[in-house]
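Novice: what follows is a protein structure lacking sequence information:
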Ligand SMILES: Nc1nc2c(c(=O)[nH]1)N[C@@H](CN(C=O)c1ccc(C(=O)N[C@@H](CCC(=O)O)C(=O)O)cc1)CN2
């Protein structure tokens with residue numbers, strides 16, 4: 001059996017057209033949703049992701065501004081920029097592109113973002129809301145994965161999901177979200193012994209390890225759903241995921257490719273969060289922003 005390939009590009013395009021309609025409605029009320037992205041330094045991957053965010057904002061009519069700061073920027077200077085954005089009424093969403101240079105304490109910067117503008121969903125208040133099941137911003141990559149499950153009618157209820165990786169951005173939130181949809185979740189990480197013994201039992205595998213083609217055919221069972229969060233540039237210059245796509249697609253029932261899988265959905269959900277923030281400020285938000293029933 002060859003897996004159905006989950007088309008992140010197509011789904012993101014669909015999302016963008018829904019979001020554009022919401023932006024048009026806001027504009028008709030005289031509201032222009034705005035996103036500020038802060039980029040410190042010139043890491044090529046981060047620079048390219050930020051360009052992707054600017055382009056996506058433009059496509060749907062969100063006003064975007066990128067603060068490009070030199071890599072020597074001090075933590076205090078960065079915090080001052082964030083404070084100015086917190087107070088700027090034109091800014092509905094603030095995103096500090098990660099990773100930050102080593103001399104800056106990432107968590108301190110995240111903590112300084114106004115939780116009402118935390119479109120990345122990384123602030124402790126957003127994390128707390130996710131844990132409790134309150135309405136709030138969800139981190140964009142896990143949110144995008146949940147939207148993929150929904151679009152492809154992949155039910156999580158009663159299924160065993162194994163997450164490889166325990167990062168704050170992906171591993172922890174995706175585990176909570178899948179649990180919220182009634183999956184039984186096992187979290188594995190770099191110190192997990194007998195990793196394959198876990199992944200072999202899984203109905204759903206989410207790979208967020210940061211190691212190129214780490215998940216090979218012998219990790220997965222026939223018919224499982226495999227979500228690849230990795231983005232690794234290998235020596236040949238090719239972009240590959242954490243999953244050996246060619247091998248695993250012959251065994252899985254559904255699989256996300258890299259590129260054009262989870263990545264484009266990350267940016268689409270950022271647009272959603274920004275528009276939801278503007279709608280909420282205007283008192284016209286429908287839903288909870290994160291799929292929680294209100
Ligand atoms: N503040 C944040 N920093 C980072 C986040 C985040 O959600 N918030 N996530 C990642 C990077 N990221 C977004 O910032 C991101 C990564 C990849 C893609 C994407 O569309 N990838 C394409 C391929 C792009 C390429 O050719 O290089 C794909 O997979 O098709 C979008 C966003 C870390 N930092």
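Specialist: Received the coordinates, thanks. Owing to the predicted nature of the structure, the values given are computational and were not obtained by experimental measurement.
Novice: check what pLDDT residue 287 gets.
Specialist: Here the pLDDT value assigned to residue 287 is 66.
Novice: do the same with residue 1
Specialist: 77.
Novice: quickly find the element holding the closest residue to the ligand within the chain.
Specialist: Proximity of the chain to the ligand (Cβ to the nearest ligand atom) peaks at residue 263, 2.2 Å away. All C-beta atoms are positioned from the backbone trio N, CA, C, and that covers glycine. Taking DSSP states H and E as the definition, residue 263 sits inside helix 262-282.
Novice: spatially nearest residue to the spatially most central residue of the chain, not counting backbone neighbours?
Specialist: Closest residue to the average C-alpha location of the chain: residue 141 at 1.5 Å, with Cα atoms, centre = their mean. Using Cβ to Cβ, 6 or more residues apart in numbering and skipping residues adjacent in sequence, the residue nearest residue 141 is residue 266, 4.7 Å away.
Novice: what is the rounded mean pLDDT of stretch 157-167?
Specialist: pLDDT averaged over stretch 157-167 gives 98.
Novice: that one: end-to-end distance?
Specialist: Terminal residues of stretch 157-167 are spaced 24 Å apart (Cα to Cα, to the nearest Å).
Novice: touching the ligand at all, it?
Specialist: No. On the criterion Cβ under 6 Å from any ligand atom, stretch 157-167 is out of touch with the ligand, staying 9.6 Å away.
Novice: buried ones in that stretch?
Specialist: 159-167 (16 or more other Cβ atoms under 10 Å).
Novice: for these, work out which two are farthest apart.
Specialist: 159 and 167 (22.3 Å; Cβ to Cβ).
Novice: at the contact with the ligand, which residues of the stretch 101-250 of the chain appear?
Specialist: Counting by Cβ under 6 Å from any ligand atom, the residues of the stretch 101-250 of the chain near the ligand are 120, 140-141, 231, 239.
Novice: can you give me the helices in the stretch 151-294 of the chain?
Specialist: 171-180, 195-199, 245-248, 262-282 (DSSP state H, counting those that start in this stretch).
Novice: returning to what we had before: burial measure for the residue nearest to residue 141, as a count.
Specialist: Using other Cβ atoms under 10 Å, residue 266 has 24 other residues around it.
Novice: residue 4 too?
Specialist: 14.
Novice: check what pLDDT it gets.
Specialist: Model confidence at residue 4 (pLDDT) stands at 98.
Novice: can you check the one 5 residues further on too?
Specialist: Residue-level confidence at residue 9 comes out at 98, pLDDT.
Novice: now for it: which residues touch it?
Specialist: 260, 264 (Cβ atoms under 8 Å, 6 or more residues apart in numbering).
Novice: who touches residue 19 in this structure?
Specialist: 60, 268, 271-272, 275.
Novice: quickly find the element holding it.
Specialist: helix 8-28.
Novice: follow-up on the earlier one: can you put the buried residues of stretch 157-167 in a markdown table and add distance to residue 194?
Specialist: Formatted as a markdown table, those follow (distance: Cβ to Cβ, whole Å):
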| residue | distance to residue 194 |
| --- | --- |
| 159 | 21 |
| 160 | 16 |
| 161 | 18 |
| 162 | 12 |
| 163 | 16 |
| 164 | 13 |
| 165 | 17 |
| 166 | 17 |
| 167 | 22 |
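Novice: just these now: which is nearest residue 126?
Specialist: The closest of the buried residues of stretch 157-167, once distances to residue 126 are taken by Cβ to Cβ, is residue 167, at 15.3 Å.
Novice: burial of the closest residue to that closest one other than its chain neighbours, as a residue count?
Specialist: Distances taken as Cβ to Cβ, 6+ apart place residue 208 nearest to residue 167, at 6.4 Å, with adjacent residues excluded. Using other Cβ under 10 Å, residue 208 has 24 other residues around it.
Novice: residue 208 against residue 165, yeah?
Specialist: Yes. Contact criterion Cβ atoms under 8 Å: residue 208 and residue 165 qualify, at 3.4 Å.
Novice: quick check: neighbours shared by those two?
Specialist: Contacts common to residue 208 and residue 165, judged by Cβ under 8 Å, 6+ apart, are 171, 229.
Novice: let me see the ranges of the helices in the stretch 1-150 of the chain.
Specialist: 8-28, 44-60, 75-87, 106-111, 124-132, 140-151.
Novice: for the ones you listed, which one ends up most surrounded?
Specialist: Highest mean neighbour count of the helices of the stretch 1-150 of the chain: helix 140-151, a mean of 23 (counted as mean count of other Cβ atoms under 10 Å).
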